[in-house]
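**Q** Any chance you could fold what I've pasted below:
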Amino acid sequence: MLKLFLPNDYVNSVHKITPEYLKERNITGLITDLDNTLAEWDRPLPPPTLVEWFQRMKDAGIQMIIVSNNNERRVQAFSEPLGIPFISKAKKPLRKSFLSALQLLGGKKEETAVVGDQLLTDILGGNKLGFQTILVVPVADTDGWQTKINRKIEGLILNHFMKKGLLKRGDAENEK
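**A** Numbering: from 1, shown residues only. Below you'll find the predicted structure:
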């Protein structure tokens, strides 16, 4: 059961996910979370470094979509300047939004990765459907109230994985 929460990779930030990194893993499409994955949960617009990251991905032919549990206004305001399609109110980890995202990308499940900062939504949802999953360290130390609850549970799961040698904190920390 806990294996459903185990990501394939654990990186310090989305900036460590490069076209080369994706090519090594045969990934041509990304379903990415927004809040505390791409930018702080309270940042209304993408920072310049993220705009550059998305452009590098586009230039490399990587198909991308933002899938967020946040409301449409928030996700649309962030996604539109990037020219990236989005799904808001996704209700992750439920299957529907991930399957809709895959359909919009027009890719294959085995060539698509789910990128997110939460085990209980992003990683669980991606793993349940057989996507590759990439956990990122949250970009902010603060969270909304619901996420704070999830973080406590995630901490227990992450510690379990580390004790069992299934995941190393250094997988992300060594990349700084």
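
**Q** quick one: low-confidence parts of this protein?
**A** Residue ranges of the chain with pLDDT under 70: 142-147, 168-176.

**Q** and the longest helix for it?
**A** When secondary structure is assigned using DSSP state H, the longest helix within the chain turns out to be helix 145-163.

**Q** Please identify the buried residues of it?
**A** T147, R151, E154, I157, L158, F161 (16 or more other CB atoms under 10 Å). Yep, even glycine has a C-beta here, placed from its N, CA and C like the rest.

**Q** Between these, which sits nearest E111?
**A** Nearest to E111 out of the buried residues of helix 145-163 is F161 (CB to CB; 25.5 Å).

**Q** give me every residue that touches the closest one.
**A** By CB atoms under 8 Å, 6 or more residues apart in numbering, F161 lies in contact with L2, F5, L6, L167.

**Q** same check, this time on F86
**A** Contacts for F86 (CB under 8 Å, 6+ apart) come out as L34, I65, I66, V67, S68, V75, Q76, F78, S79.

**Q** Against T18, how distant is it?
**A** 22 Å (CB to CB, to the nearest Å).

**Q** do L119 as well
**A** 23 Å.

**Q** how about the strands in the chain?
**A** Here the chain has its strands, by DSSP state E, at 9-11, 29-32, 63-67, 86-87, 112-116, 132-136.

**Q** Q55 - how many residues pack around it?
**A** A count of nearby residues for Q55, using other CB atoms under 10 Å, gives 12.
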